[in-house]
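Undergrad: generate coordinates for the sequence data below:
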Amino acid sequence: MISRTYGQVGKPVRFKGTAYDFGHSISAIEFSLDDGEHWTRYETPDTNDYQNLTWTFDYTPEKAGFYVLRIRSVNDAGEASPESAFAELEVSE
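TA: Now for the predicted structure:
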């Protein structure tokens, strides 16, 4: 879990993390705000199998509330992380 983040409506919030998969390179990072029903994919070209991948994701909330951002990596064999990481976001007006 990534520590809880606090934000305001209409202002971008940045999330950061690291992904790795020993023996495989990370080919993409995927993000979901609907508990994994839909994933937004960001390709990560030019990685290798001995390198940690540091990623950032910017999100601008449109309304106040509590959100859970799920994050997973996909390796060069097309396999997604067996469990997604998550970050909590509390947004105020």
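Undergrad: which pLDDT value belongs to Thr60?
TA: You'll see Thr60 listed with a pLDDT of 96.
Undergrad: can you name the residues that contact it?
TA: Thr60 sits next to 10-13 when contact means Cβ atoms under 8 Å, 6 or more residues apart in numbering. The C-beta positions use only the backbone N, C-alpha and C, and glycine is treated the same way.
Undergrad: mind listing the strands for the chain?
TA: 2-8, 13-19, 26-32, 40-43, 53-59, 65-75, 85-92 (DSSP state E).
Undergrad: in a markdown table, list those strands along with mean neighbour count.
TA: A markdown table is the format used below for these (neighbours: other Cβ atoms under 10 Å):
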| stretch | mean neighbour count |
| --- | --- |
| strand 2-8 | 12 |
| strand 13-19 | 14 |
| strand 26-32 | 20 |
| strand 40-43 | 11 |
| strand 53-59 | 14 |
| strand 65-75 | 18 |
| strand 85-92 | 16 |
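Undergrad: who wins for most neighbours among the contacts of Thr60?
TA: Val13 (18 neighbours; other Cβ atoms under 10 Å).
Undergrad: so Lys63 sits against Gln8, correct?
TA: No: taking contacts as Cβ atoms under 8 Å, Lys63 lies outside contact range of Gln8: 11.1 Å.
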